[in-house]
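Visitor: Below are the sequence and a predicted model; questions follow.
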Amino acid sequence: MVRGRAFWASVVALVVVSWLSRAATETGETSTLSSKWFEDSGATVEDFARELRSRRSVDACARGASLGSWIVGEDACRGSAWTLASEGCEGVASVAEALGLKRRKRKADAGARAWNIAPEVGRACGFGALSVSTMRSRLLEIVGGKRFAFVGDSNARFVYASFIAATSETSADVSLDTKGEKHRDWEHSLIAGARASFVWAPYAGDVVDALEAREDATPDLVAVSTSLWHALHEDNVNEYKKSMTRLGSILSRIAERNKDAVIVWLDTPMIVQDKLTDDEKRHKFTVANLEKFAKVKSDQSSVKVVKPAGAAIQIKITDLSAACGPECSVDGVHQSRVVYDAAAQILLSILRARWR
């Protein structure tokens, strides 16, 4: 029995390492989050394989949920079990296809792209695309009756929009029509009595206040994004660090109070300077300046927001958007819908890993 386990452990390790070594060269792929992702999150490829065969495999799968690559061109519209989000693909349905007698074809425009989770990770962890229209029963198991809180800036709001689109009844109105009031709170009903809310809190201190105001009603998920407003309007890394230290403390309290709660940190998208139209943004949103704020969240000695020292699992939207390329940026800051759809699907994969 032990020998058998050792054999399968070796197989898992070899599969993961093999995939990571060849993924970047596969046809149509633009970029892959590789072993560097594990290093940044405090783990190695070997750690991932080891955890998959141990009692800690839940955490390994939660961290591995962000592993994948963008497929561009015609290949993006072929689809697979591991395609989490796509755009630029037009369905072409014949009568036979509509009746399910023949596989539906999809044709691609020049900008078609799709985010595919690493197939080996998808198989090992049971991941794949999730939405009410295609995977209702599985979504019921994940979100039924739970409470989801998204707190932060517009980055969190866009991921929230994609999340509720995937987890609401197909007939529900899940648009975030601001009617001129962009910076506001939202609340939506999901399937099976679940509820999701977004609280506009662009500064880390605002996030702390919002979470403390709701501390008696601990949500099952807390997804947080903040830093862009600090970089743009305050440009004070020390003050940001103080606020983030407070945020790390309250996130840790939430994690201690509810052992099943999932806390996710949403990284900011890649900034595309050429698309910025505001002079102040061009001046403040430089790579060097934004990196100073990004480093704060990874400060494991004092801030302790993200794992391994903190409470939050990261979704690396910075890398996700950078791999998608400048063409995926709408205005230099915000991304096209497919990036946020991919982030929402990664989030659902994390929830599947943690709540299975």
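Guide: On my side now, so go ahead. Numbering: from 1, shown residues only.

Visitor: and the helix or strand hosting residue 242, which residues are buried?
Guide: For residue 242, the host element (DSSP states H and E) is helix 237-257. For helix 237-257, a neighbour-count test (16 or more other CB atoms under 10 Å) marks 237, 240-248, 250-252, 254-255 as buried. For every residue, glycine as well, the C-beta is placed using N, CA and C.

Visitor: closest to residue 206 among those?
Guide: Ranked by distance to residue 206 (CB to CB), these are led by residue 243 at 8.8 Å.

Visitor: Quick one: residues contacting the closest one.
Guide: By CB atoms under 8 Å, 6 or more residues apart in numbering, residue 243 lies in contact with 203, 204, 205, 208, 230.

Visitor: Now render the residues you listed as a markdown table, adding neighbour count and pLDDT.
Guide: Formatted as a markdown table, these follow (neighbours: other CB atoms under 10 Å; pLDDT from 0 to 100):
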| residue | neighbour count | pLDDT |
| --- | --- | --- |
| 203 | 20 | 97 |
| 204 | 29 | 96 |
| 205 | 18 | 96 |
| 208 | 22 | 96 |
| 230 | 24 | 95 |
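
Visitor: Max pairwise distance over these: which two?
Guide: Farthest pair in these (CB to CB) is 208 and 230. Separation: 13.2 Å.

Visitor: Point out the ones among the contacts of residue 243 that are inside strands.
Guide: Using DSSP state E, the subset of the contacts of residue 243 located in strands is empty.

Visitor: Mind checking which of those are in helices?
Guide: The members of the contacts of residue 243 that map onto helices under DSSP state H are 204, 205, 208.

Visitor: Domain-wise, how is the chain divided?
Guide: 1-67, 70-117, 128-355 (automatic domain parsing).

Visitor: which element is residue 123 on?
Guide: Going by DSSP H and E, residue 123 is part of helix 119-125.

Visitor: Could you point out the helix or strand that follows the helix holding residue 242?
Guide: strand 262-266.

Visitor: tilt between that following strand and helix 237-257?
Guide: Per axes from the mean of the first three to the mean of the last three CA atoms, to 10 degrees, the angle that strand 262-266 makes with helix 237-257 is 160 degrees.

Visitor: Show me what strand 262-266 is packed against.
Guide: helix 154-167, strand 221-225, helix 237-257, strand 313-315, helix 337-355 (3 or more CB pairs under 8 Å, 6 or more residues apart in numbering; DSSP states H and E).

Visitor: This structure: strands as residue ranges?
Guide: 29-32, 68-72, 83-92, 105-117, 147-152, 186-189, 195-200, 221-225, 262-266, 313-315.

Visitor: Out of these, flag the one nearest residue 135.
Guide: Per CB to CB, nearest to residue 135 of the strands of the chain: strand 83-92, 11.8 Å.

Visitor: Against which helices or strands is that closest one packed?
Guide: Counting by 3+ CB pairs under 8 Å, 6+ apart, the packing neighbours recorded for strand 83-92 are strand 105-117, helix 337-355.

Visitor: Next, the angle from the last one to strand 221-225.
Guide: Read it as helix 337-355. Calculated by the same axes, to 10 degrees, helix 337-355 forms an angle of 140 degrees with strand 221-225.

Visitor: shaky segments in the protein?
Guide: Within the chain, the stretches with pLDDT under 70 are 1-57, 91-108, 178-180.
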